[in-house]
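Asks: mind folding the following:
(chains A and B)
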Protein chains: 2
Amino acid sequence: MPLEPKNVVLIGAGNVAFHLGKALKRSGNKLLLLINRNEKRGERLGFELGCQFTTDFKAIPDETDIVIIAVKDDAIAEVAGKIFCPGKVVVHTSGSVPMSALGDASDRLGVFYPLQTMHRGSEVNMKEVPFCIEGNSNWNEGMLLELARSISDNVQVLSSEQRKMTHIAAVFACNFTNHFYALSEEILEKNGMSLDILKPLIKKTASNILSGHPKELQTGPAMRNDTKVMQEHLDMLENLSPELKKLYADVSESIIKMHRS
Amino acid sequence: MPLEPKNVVLIGAGNVAFHLGKALKRSGNKLLLLINRNEKRGERLGFELGCQFTTDFKAIPDETDIVIIAVKDDAIAEVAGKIFCPGKVVVHTSGSVPMSALGDASDRLGVFYPLQTMHRGSEVNMKEVPFCIEGNSNWNEGMLLELARSISDNVQVLSSEQRKMTHIAAVFACNFTNHFYALSEEILEKNGMSLDILKPLIKKTASNILSGHPKELQTGPAMRNDTKVMQEHLDMLENLSPELKKLYADVSESIIKMHRS
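Replies: Okay, the predicted model is just below:
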């Protein structure tokens, strides 16, 4: 399917705006304008993306197809309240904010949610990033599908409910696992070692589930219901941190429960 | 350093024995004998490894340098009690069992712990697997270092205390993160979706920490202390499973605590 380049206005100057802006340019779409409240950050990103920049939320050009609000969750409604562009598709990029938060910014509303952690410093392969699309009409959804497919090979239409559940699942699979890496590093460093010793294991654990079900790949003392080892670990954690001990007990209990049922 | 091939006797027929046996053969060491209580499993592994097999724990040949007891944690002491081979180095492969569990099997005791999850079905790149070595004398440690270095490029001498702490850290970074993948899959499947949508994110989260500190890479609602989103997630999880809700609350609290202190 030959894709027609879209005229896009991007609002925001954070990590998502940065990576999305770069991907939009690379995929041949037209970045008409960058809008951001903070002039300094906006100007810098506008320069990096090679597009016009303004702090004026009313300056959306007539030829715009899609306005992407890529700001923090709790700023979406406020930003949407500042723009008014009927006929243009207005979307936000959040996993957890309902489409309705966009209010009366347009009659054409949608969600354009890239399911990936994005840091300024690290490269993101957008072709692999799953984009979760929602629109308040088939026409809007079609427009957003086209835009998303020009950026990524992995595009899905999800309802608001499914998107919320996906976001919760991502918190478990990404935010929480990263925190467990951090706790692991804390334990090792307190004992004069480094996380480096675990990196091959971490890499393998994540790559294993790319071709299998995590439940079937579970290993460790809780999986074996090895109460002796678990008690030893709890005793050692008690000396280290009561909080780590509690987490160890809670997660082990959850593993035991999943594998007994 | 030119390595002298070692004469090894392997005890056990599980996943670790399988992968270790294969790596020992590949690295040019000599597998003299496989010993296993269960005849059928032992015979099969002996055939796969192309080495002699017996159920007789007394049959350790005179020319043996190292006996590797690669059995489940709670069977180590029992198996060690069945062998007696002074002058030969006797080791187990466990992260959590003290060296002393080997008792009087020999005067030369040690630990030979490959820090990696090993499944029969999936390939293990032993060159990248960290081996944690311990010996009850410098001579033994040297012998075990040589053997480990013939298999892996990542060999470390750890004390029993450090090995235990490393094992606990591995439970957090591997077993617990895998369980969070499994919970994530459960949430998605209950809502008509599949874990596939999160796989790029999971891959990215794990690969990010190979070159950075997880604490600095943390993202998500708990990291931002975004109480609104966390409350929404807790409300949605309440309907799904009280246990998931509790875990979400506990881990979020731990994230908030780490990033406030």
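Asks: please parse chain A into its domains.
Replies: Structurally, chain A divides into domains by automatic domain parsing as follows: A:7-158, A:164-260.
Asks: for the ones you listed, which one sits closest to chain B?
Replies: domain A:164-260 (3.2 Å; Cβ to the nearest Cβ). In this view, the C-beta of every residue, glycine as well, is placed from N, C-alpha and C.
Asks: hmm, residue A:107 is touching residue A:84, no?
Replies: No. Counting by Cβ atoms under 8 Å, residue A:107 stays clear of residue A:84, with 10.6 Å between them.
Asks: which parts of the stretch 1-150 of chain A sit against chain B?
Replies: The interface of the stretch 1-150 of chain A toward chain B, taken as Cβ under 8 Å from any Cβ of the partner chain, is made up of A:72-74, A:96, A:115-117, A:119, A:122, A:124, A:128-130, A:132.
Asks: which residue, other than its chain neighbours, is closest to the residue with the largest distance to the centre of chain A?
Replies: Within chain A, the residue lying farthest from the chain centre (Cα atoms, centre = their mean) is residue A:228, at 39.3 Å. Spatial nearest neighbour of residue A:228, excluding adjacent residues (Cβ to Cβ, 6 or more residues apart in numbering or on different chains): residue B:74 at 6.8 Å.
Asks: can you pull the pLDDT of the one you found?
Replies: Here, the pLDDT recorded for residue B:74 equals 88.
Asks: how about the helix of greatest length in chain A: buried residues?
Replies: When chain A is parsed with DSSP state H, its longest helix is helix A:242-260. Using 16 or more other Cβ atoms under 10 Å in any protein chain shown as the test for burial, helix A:242-260 gives A:244-245, A:247-252, A:254-256, A:258.
Asks: stretch A:185-199 too?
Replies: Buried residues in stretch A:185-199, defined by neighbour count with 16+ other Cβ under 10 Å: A:185-188, A:191, A:193, A:195, A:197-199.
Asks: now stretch A:196-216
Replies: By 16+ other Cβ under 10 Å, the buried positions in stretch A:196-216 come out as A:197-206, A:208-209, A:214-215.
Asks: checking my notes, the residue nearest to residue A:228 in a helix, right?
Replies: Yes. Under DSSP: H, G, I helix; E, B strand; the rest coil, residue B:74 falls within a helix.
Asks: quick one: end-to-end distance for stretch A:42-56.
Replies: 11 Å (Cα to Cα, to the nearest Å).
Asks: identify the residues contacting it?
Replies: The set of residues external to stretch A:42-56 that reach it, using Cβ atoms under 8 Å, 6 or more residues apart in numbering or on different chains, is A:10, A:13, A:17-18, A:21-22, A:25, A:31-39.
Asks: in strands, which of these appear?
Replies: Among the contacts of stretch A:42-56, the members found in strands (DSSP state E) are A:10, A:31-35.
Asks: which pair in those spans the largest distance?
Replies: Maximum pairwise distance among the ones in strands among the contacts of stretch A:42-56 (Cβ to Cβ): 11.3 Å, between A:31 and A:35.
Asks: between those two, who's got more neighbours?
Replies: residue A:35 (26 against 21; other Cβ atoms under 10 Å in any protein chain shown).
Asks: what's the nearest residue to the more buried one if we skip its chain neighbours?
Replies: Per Cβ to Cβ, 6+ apart, closest to residue A:35 is residue A:11, 4.7 Å.
Asks: ok, now which ones touch the one you found?
Replies: Residue A:11 neighbours (Cβ under 8 Å, 6+ apart): A:17, A:34-36, A:57, A:67-71, A:79, A:83.
Asks: that older thread, who touches both of residue A:31 and residue A:35?
Replies: Going by Cβ under 8 Å, 6+ apart, residues that sit against residue A:31 and also against residue A:35 are A:9-10.
Asks: write the ChimeraX selection for whichever of the contacts of stretch A:42-56 are buried.
Replies: Per 16+ other Cβ under 10 Å, the buried members of those correspond to this ChimeraX selection:
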select /A:10,13,17,18,21,22,31,32,33,34,35,36,37
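Asks: and of the contacts of stretch A:42-56, the nearest to residue B:166?
Replies: Nearest to residue B:166 among the contacts of stretch A:42-56, counting by Cβ to Cβ, is residue A:18 at 37.6 Å.
Asks: so what's that closest one up against?
Replies: A:45, A:48, A:118, A:120.
Asks: quick one: which of those residues has the most company?
Replies: The residue in these with the most neighbours, by other Cβ under 10 Å, is residue A:45 (22 neighbours).
Asks: I'd like the distance between that one and residue A:155.
Replies: As for residue A:45, its distance to residue A:155 is 25 Å (criterion: Cβ to Cβ, to the nearest Å).
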